[in-house]
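# What shape does this take:
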Amino acid sequence: MLPGNRKIRVGILFGGKSAEHEISLQSAGNVYDAIDKNSFEPVLIGIEKSGKWRMTGDSVSLPNSGGGVALIPEAGGALYGPLSDPASGAPTTLDVVFPILHGPFGEDGTVQGLLKLADVPFVGSGVLGSAVGMDKDVMKRLFRDAGIPVGRFLTLRSRESPPSFAEIEAALGSPVFVKPANMGSSVGISKVGDAAGFSEAIAEAFRYDTKIIVEEYVRGREIECAVLGNENPAASVPGEIVPNHDFYSYDAKYLDENGAALEIPAKLDDETAERIRTLSVKAFRVLGCEGLARVDFFLREDGEVLINEINTMPGFTKISMYPKLWEASGIGYTELIGRLIALAIERHEKERALKTSR
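Have a look, this model is predicted:
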């Protein structure tokens, strides 16, 4: 609560221009339903696929803008109720923003940069952590440089002639996974084992990005771990994804309720579980992440642990691993949202204090 017992006004920013638009809607709806409305006043702000920001009522001004800067340049559409102060008619200000945006134009540092410029607290990583966490090519190179084990991969760009499948097979084996470098939720991903499939897969991946990666197929278990914190992040218990499809595809994640089984906590020996937790925190710090992240691993049959990727704004749907992992670690959904908001405000206050001391 703020002075005068005013609730903390939280802008829940959702939708966006990426192919993960629909997942963002699901995540935002769950956050809105679960947030502690005794302490917080949620304000829902939707971004259409066209990029237009919509809400009902007057434009929402950002804190410290003197009312002269509007977060929503064009109000309109019937969304979630009036946002003007009923007494003064002044635009409603937001105390903190929770950008439940997945993929490019939201999770990649773009919106984070906007909020930084506006000097408003926001949940999740800043510009750098968000940007490098989104780009699988840069992310894996940084992990590799820091001594964090990753699988073999190659990077392809749309302006270059792609290698033959025979060249790919010689470097990475077969089958391989083809992915857009900047996308999540398994959008645009294909598993291929022949030349015809490879040509189709790179065409599909290039629909979403001008840079794609080709990864070796790692035979093993899929383990995920959640991280929470700023300077002193903590890791949850690990969980396991057991796909019932060929791999953990978009359909398996979001469309087929029987697409995968979740083992939380994962059935791991203590040493392996601790290694995964330690690597999760290390990966979080290497990329300069803040607030939250989910780190995805492969566990080979011989016990080798490889990081697949990090997700700096993981899904918050009812079946998403991030909140489920923290629930199994003793932090419920509503408490988790409150902690993330507190971390955002804490970081913002420290940043402002640092600027003031210069």
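# contacting residues around Ile331?
Contact analysis of Ile331 by C-beta atoms under 8 Å, 6 or more residues apart in numbering lists 228, 339. C-beta coordinates here come from the backbone N, C-alpha and C atoms, glycine included.
# Start at 45, not 1
I'll keep to 45 as the first residue from here, and by that count the last item is Ile375.
# Gly147: what's its closest spatial neighbour, skipping adjacent residues?
Leaving aside its chain neighbours, Gly147 sits nearest to Ser62 (3.2 Å; criterion: C-beta to C-beta, 6 or more residues apart in numbering).
# I'd say that neighbour and Pro148 touch.
Yes: between Ser62 and Pro148 there is a contact under C-beta atoms under 8 Å: 4.7 Å.
# Please identify every residue contacting each of the two.
Contact criterion C-beta under 8 Å, 6+ apart; residues bridging Ser62 and Pro148 by contacting each: Met227.
# just to revisit the earlier point, look up how far Gln70 lies from the residue nearest to Gly147.
14 Å (C-beta to C-beta, to the nearest Å).
# If you count surrounding residues, which of these two has more?
More crowded of Ser62 and Gln70, by other C-beta atoms under 10 Å: Ser62, with 24 against 19.
# Strands along the stretch 195-344 of the chain, start to end?
Using DSSP state E, counting those that start in this stretch, the strands found in the stretch 195-344 of the chain span residues 197-201, 220-224, 234-236, 255-260, 264-273, 278-279, 283-287, 304-307, 335-344.
# nearest to Gln156, of these?
Set against Gln156 and scored by C-beta to C-beta, the strands of the stretch 195-344 of the chain come closest in strand 335-344, at 10.6 Å.
# Which elements pack onto the closest one?
If you count contacts as 3 or more C-beta pairs under 8 Å, 6 or more residues apart in numbering; DSSP states H and E, strand 335-344 packs onto strand 264-273, helix 314-330, strand 349-355, helix 365-372, helix 377-401.
# What residues sit buried inside that strand?
335-343 (16 or more other C-beta atoms under 10 Å).
# and of these, the nearest to Phe360?
Phe360 lies nearest to Leu336 out of the buried residues of strand 335-344, by C-beta to C-beta, at 9.8 Å.
# these two touch, right, the closest one and Ala270?
Yes: under the criterion of C-beta under 8 Å, Leu336 makes contact with Ala270 at 7.4 Å.
# who touches both of those two?
Common contacts of Leu336 and Ala270, defined by C-beta under 8 Å, 6+ apart, comprise 358, 366.
# Which residue ranges of the stretch 45-194 of the chain form strands?
Under DSSP E, counting those that start in this stretch, the stretch 45-194 of the chain gives strands at 52-59, 84-91, 97-98, 140-144.
# Neighbouring strands - and their directions - for the second one?
Read it as strand 84-91. According to DSSP bridges, strand 84-91 forms sheet pairs with strand 52-59 (parallel), strand 97-98 (antiparallel).
# Off-centre distance for the last one?
In terms of C-alpha atoms, centre = their mean, to the nearest Å, the centre of strand 97-98 is set 21 Å apart from its chain centre.
# hang on, the earlier thing: looking at the strands paired with strand 84-91, which one is packed in the most?
Highest mean neighbour count among the strands paired with strand 84-91 (mean count of other C-beta atoms under 10 Å): strand 52-59, with a mean of 24.
# tilt between it and helix 377-401?
100 degrees (axes from the mean of the first three to the mean of the last three C-alpha atoms, to 10 degrees).
# I'd like the average pLDDT over strand 52-59.
The average pLDDT for strand 52-59 rounds to 91.
# Could you find the closest non-adjacent residue to Gly157?
Nearest residue to Gly157 in three dimensions, chain neighbours excluded: Val171, at 5.0 Å (C-beta to C-beta, 6+ apart).
# how close does that neighbour sit to Met227?
For Val171, the distance to Met227 - C-beta to C-beta - is 19 Å.
# Which one's more surrounded, these two?
Taking other C-beta under 10 Å, Val171 and Met227 do not tie; Met227 has more neighbours (25 against 18).
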